[in-house]
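**Q** Okay, sequence plus prediction incoming.
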Amino acid sequence: MERKWADLTSDERRDERFKQWLSPDVEFNSPEAEKAYKEKVTRLINAIRLKQPDRVPVILPAGFFPAHYGGKTLQDVIYNYDELRQAWLKFLRDFDADTFSGAGGVLPGKVFESLDYKLYKWPGHGLSSTVPSYQFVEGEYMKADEYDALINDPSDFWMRVHVPRIFGALEPFKKLSPFTTIVELPFAFFIPLASPDVQAAFQALVEAGKETAKWLVVVRDCSGEAVKSGFPSLRGSIVKAPFDTIGDTLRGTQGIIMDMYRQPQKLLEALERITALTIESAVSAVNALGGCSVFIPLHKGDDVFMSDKQFETFYWPSLKKVVLGLIEEGIVPLLFAEGKYNKRLEIIKELPRGAVIWQFDQTDMARAKQVLGNTACIAGNVPTSLLVTGTPQAVKEYCRKLIEVCGKGGGFILTGGANLDKGKADNLHAMTEAAREYGV
């Protein structure tokens with residue numbers, strides 16, 4: 001009798017997700033592509049499990065580089081989905097890494113533009129057409145006295161307070177009645193819908209949905225072609241650390257720093273509320289989209305942003321709960337430790353063995369291997385500056401040293417310290433060559 005998901009241990013659930021990852025429901029382009037796919041997935045699984053793979057896996061830190069490599073600007077592919085498809089498939093054909101980073105990171109500019117999105121600037125909208133990336137617009141999008149509203153009803157706060165602030169076209173949503181006003185005849189909710197500006201806001205959402213559908217076709221085409229060609233995807237979804245959710249897009253950097261001093265208990269209460277929602281959303285996304293990993297970029301937890309005491313009070317407890325919640329569901333958290341985590345290593349090792357991936361940016365990789373090597377798979381940290389300005393020989397030498405230090409006994413993935421938007425194609429090829437020459 002087949003056991004139910006609820007009866008499986010976290011290890012058994014992870015094994016089931018690995019099995020699905022290893023044998024996707026697709027028709028490969030050739031027997032060779034199927035063989036290559038299974039070899040790459042097996043290599044990554046062994047690295048995650050801290051086993052010795054046939055060689056060190058390599059993940060190219062491509063970022064928006066496929067646009068540049070395909071002779072396009074980021075503005076071109078943001079607004080023209082055919083050019084997005086061409087650029088990403090060209091990159092797929094010309095580079096042979098162990099994973100493929102899909103086109104989903106190139107967000108549809110027409111959608112954001114039509115909704116008057118205020119959190120980002122991008123090429124063609126606030127930035128020059130030659131800029132190769134997005135720019136986040138720092139701001140206080142949640143006021144210091146609004147914690148109770150967020151804690152008591154996060155969905156209502158998001159819908160009627162936050163969304164009207166970050167989408168100009170949806171500002172009329174602040175007129176809506178709460179969805180939690182439960183009565184037999186909900187006319188209090190219907191009355192605002194009679195306003196022309198509220199109707200226009202809903203219509204803007206409908207049009208944005210139609211445009212998103214066009215974008216999704218291309219994103220799915222690229223991802224599907226990658227798998228059929230023998231390239232797995234590691235990431236199934238993306239979430240943030242709860243502290244970053246509040247500190248990035250709600251209170252802003254200045255706001256959350258002030259809150260740590262002025263209203264620490266209210267901040268901790270909000271972090272606890274966000275934690276449960278983060279786990280739920282991540283698990284739902286992975287179950288819907290497939291994959292076995294959730295990418296978690298850590299924006300404000302590095303050594304220089306806050307003290308050790310603040311990290312252990314405000315950042316790590318809620319993040320640890322998210323990580324453990326994902327592990328319980330058999331999902332592999334891929335934590336991108338932006339900046340330096342040299343002082344955090346002894347703290348973050350408090351996780352189940354062989355259940356997570358730590359990708360490091362500027363952390364001392366020798367020390368990371370020493371502290372985490374028996375606990376977690378580590379990845380990193382070829383500098384973006386080297387990939388942009390260095391030579392292939394210099395890149396290979398840097399990778400060789402990384403592999404010698406971190407690859408012993410398995411549990412290491414060669415990748416960048418950050419993503420590449422522009423750079424030298426030969427240097428990315430040098431990374432894959434280094435893994436094949438030195439990583440066996």
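**A** Received the coordinates, thanks.

**Q** Going by C-alpha atoms from here, please, whenever you check contacts or count neighbours.
**A** Will do.

**Q** what's near enough to touch E312?
**A** Taking CA atoms under 8 Å, 6 or more residues apart in numbering, we find E312 in contact with no residue.

**Q** what's the spacing between it and E113?
**A** 39 Å (CA to CA, to the nearest Å).

**Q** show me where pLDDT drops low in the stretch 1-150 of the chain?
**A** Applying pLDDT under 70 to the stretch 1-150 of the chain picks out residues 1-2.

**Q** now the helices: where do they sit in the stretch 1-150 of the chain?
**A** Residue ranges of the helices in the stretch 1-150 of the chain, as given by DSSP state H, counting those that start in this stretch, are 10-22, 31-48, 65-69, 74-79, 81-94, 109-115, 147-152.

**Q** Report the angle between the second one and helix 10-22.
**A** Per axes from the mean of the first three to the mean of the last three CA atoms, to 10 degrees, the angle that helix 31-48 makes with helix 10-22 is 160 degrees.

**Q** What is helix 31-48 packed up against?
**A** Applying 3 or more CA pairs under 8 Å, 6 or more residues apart in numbering; DSSP states H and E, we find helix 31-48 packed against helix 10-22, helix 196-228, strand 412-416.

**Q** Going along the chain, name the strands of the stretch 51-200 of the chain.
**A** Remark: strands assigned in the stretch 51-200 of the chain by DSSP state E, counting those that start in this stretch are 120-123, 126-127, 135-136.

**Q** Same list (the helices and strands packed on helix 31-48) but as CSV, adding distance to P154 and mean neighbour count.
**A** Shown next, in CSV, are the helices and strands packed on helix 31-48 (distance: least, CA to CA, whole Å; neighbours: other CA atoms under 10 Å):
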stretch, distance to P154, mean neighbour count
helix 10-22, 29, 18
helix 196-228, 20, 17
strand 412-416, 36, 29
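
**Q** on that earlier part again, export the helices of the stretch 1-150 of the chain to TSV and tack on distance to L271?
**A** Listed next are the helices of the stretch 1-150 of the chain as TSV, based on distance: least, CA to CA, whole Å:
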stretch	distance to L271
helix 10-22	25
helix 31-48	29
helix 65-69	35
helix 74-79	34
helix 81-94	37
helix 109-115	28
helix 147-152	9
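
**Q** can you tell me which of those helices comes nearest to G102?
**A** Closest to G102 of the helices of the stretch 1-150 of the chain, according to CA to CA: helix 81-94, at 7.6 Å.

**Q** what's in contact with the closest one?
**A** Helix 81-94 is contacted from outside by 66-67, 69-72, 76-78, 100, 102-103, 214-215, 218-219, 221-222, 226, using CA under 8 Å, 6+ apart.

**Q** re earlier: right, so of the strands of the stretch 51-200 of the chain, which gets closest to I413?
**A** When the strands of the stretch 51-200 of the chain are ranked by proximity to I413 (CA to CA), strand 135-136 comes first, at 28.5 Å.

**Q** Does anything pack onto that closest one? Which helices or strands?
**A** By 3+ CA pairs under 8 Å, 6+ apart, strand 135-136 packs against strand 120-123.

**Q** hang on, the earlier thing: as a markdown table, the strands of the stretch 51-200 of the chain with distance to P178 and mean neighbour count would be great.
**A** Shown next, in a markdown table, are the strands of the stretch 51-200 of the chain (distance: least, CA to CA, whole Å; neighbours: other CA under 10 Å):
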| stretch | distance to P178 | mean neighbour count |
| --- | --- | --- |
| strand 120-123 | 28 | 20 |
| strand 126-127 | 34 | 14 |
| strand 135-136 | 30 | 14 |
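
**Q** Export the ones you listed as a markdown table, with columns for distance to G290.
**A** As requested, these are exported to a markdown table (distance: least, CA to CA, whole Å):
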| stretch | distance to G290 |
| --- | --- |
| strand 120-123 | 28 |
| strand 126-127 | 34 |
| strand 135-136 | 29 |
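
**Q** related to what we said a few turns ago, which stretch among the helices and strands packed on helix 31-48 comes nearest D303?
**A** strand 412-416 (19.4 Å).

**Q** who does the closest one touch, helix- and strand-wise?
**A** Strand 412-416 makes packing contacts with helix 31-48, strand 377-382, helix 392-406 when contacts are defined by 3+ CA pairs under 8 Å, 6+ apart.

**Q** quick check, distance from the first one to the centre of its chain.
**A** Using CA atoms, centre = their mean, to the nearest Å, the mean C-alpha position of helix 31-48 is found 22 Å from that of the whole chain.

**Q** what sits up against that helix?
**A** With CA under 8 Å, 6+ apart, helix 31-48 has contacts from 18, 21-23, 28, 52-57, 98-99, 227-232, 354-357, 376-377, 410-413.
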